[in-house]
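Colleague: Here is the input, now give the coordinates:
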Amino acid sequence: MLSVSFTPEDLLGVTFATGPAPLMELVLVAGMVQRDVSPLFGRWQHAARAGFPQAARRLLELVPPTATAPMFLDPLSHGLEDGLDAVLSAPADTVRAELGRVCRTSRPVTPWIRGLADRDKEAWQDLEQALRSAHASLVAPSWSRVRSGFDAERAWRTRFLAEHGIRATLAGLVPGTHWRGTTLVFDCAKHGEVALTGHGLVLLPSLVWDGPPLVAVHEGAPSILIYPALTPLPLLGPREDGDPLSALLGRTRAAALGLLTQQLTTTDIARELDISKSSASEHTKALRDARLIVTEREGKAVRHSCTPLGLDLLTGSAAAP
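Modeller: So this is what the prediction gives:
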């Protein structure tokens, strides 16, 4: 079990990240390509392994399958360039401490890692090239889908927070999670005890991670909790050309959106609209790309429901003269 202890200040300071962080997603991809193949991510994992560029292989010296990489490697940035600036300007003491932590637990000390610790110019140039190459091959091609899925996740969680409060929201991030006083306990194979520092917590869903939650504790700044999004990247499917909102002008997709004011499976939608299951799946994909619905997996069942944006669209349509 993984337990996270909150102070009152931490509970009052829980926020959602405003968007996905490119380098954090990149580190999680590097972890995922080393993990056992999962039923949901299997095809995606095979493609990521095959497409992992040679120039980025250095990253695997820093990132274990648990994705618990040195914290200077994956800052909470809005874009690639500001993220790289943060990595390359990380204080030398922080770099040495984080490399020491990772090498003590999960990675051998290689000559290249020694070069990073010693601020060797060539080693840091290799790191920058590895990050750029990996981002271009493994993150950038899917970024619009990652962003769309992130926005849907954030909308869903924000709506849940408004209806059920912060404790229920945090307990609902990962199945099997529960509260023990002011300690949040995740029922997972990962073991550990984390004490937050009273500076709040940023919730960061990831569409490319299916492992246990990851907590990065920062002194003097909000800590970060990374957890698997309800709708992972493999369920989003390829993004359609053009503006995905244009797909909503069709009568069938508008009808599907209207049904999803309650949670329904793809089979339910197909039955209600008298269409094939494959056609219903295409419609839900378009609605999800438009950030109008969110998809949640419960065991073998996959259920869809409106996001606040979808509900606003339905309400506005109903009120129109």
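Colleague: pLDDT weak spots in the stretch 201-321 of the chain?
Modeller: Under the criterion pLDDT under 70, the flagged ranges of the stretch 201-321 of the chain are 237-250, 315-321.
Colleague: Tell me where it has helices.
Modeller: 233-236, 251-259, 266-273, 277-289, 308-319 (DSSP state H, counting those that start in this stretch).
Colleague: The second one: which residues count as buried?
Modeller: Residues of helix 251-259 classed as buried by neighbour count (16 or more other C-beta atoms under 10 Å): R253, A254, A256, L257. Quick note: C-beta positions are derived from backbone N, CA and C, even for glycine.
Colleague: before we move on, the earlier item: got the helices of the stretch 201-321 of the chain as TSV, with distance to A92 columns?
Modeller: Formatted as TSV, the helices of the stretch 201-321 of the chain follow (distance: least, C-beta to C-beta, whole Å):
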stretch	distance to A92
helix 233-236	36
helix 251-259	53
helix 266-273	53
helix 277-289	44
helix 308-319	45
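Colleague: What segments of this structure are strands?
Modeller: All strands of the chain, identified by DSSP state E, fall at 2-5, 14-16, 178-180, 183-186, 192-195, 201-206, 214-216, 223-228, 264-265, 293-298, 301-306.
Colleague: Redo those as TSV? Include distance to D82 and mean neighbour count.
Modeller: Shown next, in TSV, are those (distance: least, C-beta to C-beta, whole Å; neighbours: other C-beta atoms under 10 Å):
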stretch	distance to D82	mean neighbour count
strand 2-5	28	18
strand 14-16	19	15
strand 178-180	36	11
strand 183-186	30	20
strand 192-195	27	14
strand 201-206	16	23
strand 214-216	18	20
strand 223-228	16	22
strand 264-265	40	18
strand 293-298	28	20
strand 301-306	34	18
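Colleague: picking that back up, would you mind telling me which of the helices of the stretch 201-321 of the chain is nearest R58?
Modeller: R58 sits nearest to helix 233-236 of all the helices of the stretch 201-321 of the chain, at 24.2 Å, using C-beta to C-beta.
Colleague: Residues in contact with that closest one: which ones?
Modeller: Under the criterion C-beta atoms under 8 Å, 6 or more residues apart in numbering, residues 40-41, 43-44, 142, 145-146, 148-149, 207-208, 285, 288-289, 295, 297, 302 lie in contact with helix 233-236.
Colleague: out of those, which are buried?
Modeller: Buried members of those, scored by 16+ other C-beta under 10 Å, are 41, 44, 142, 145-146, 148-149, 207-208, 285, 288-289, 295, 302.
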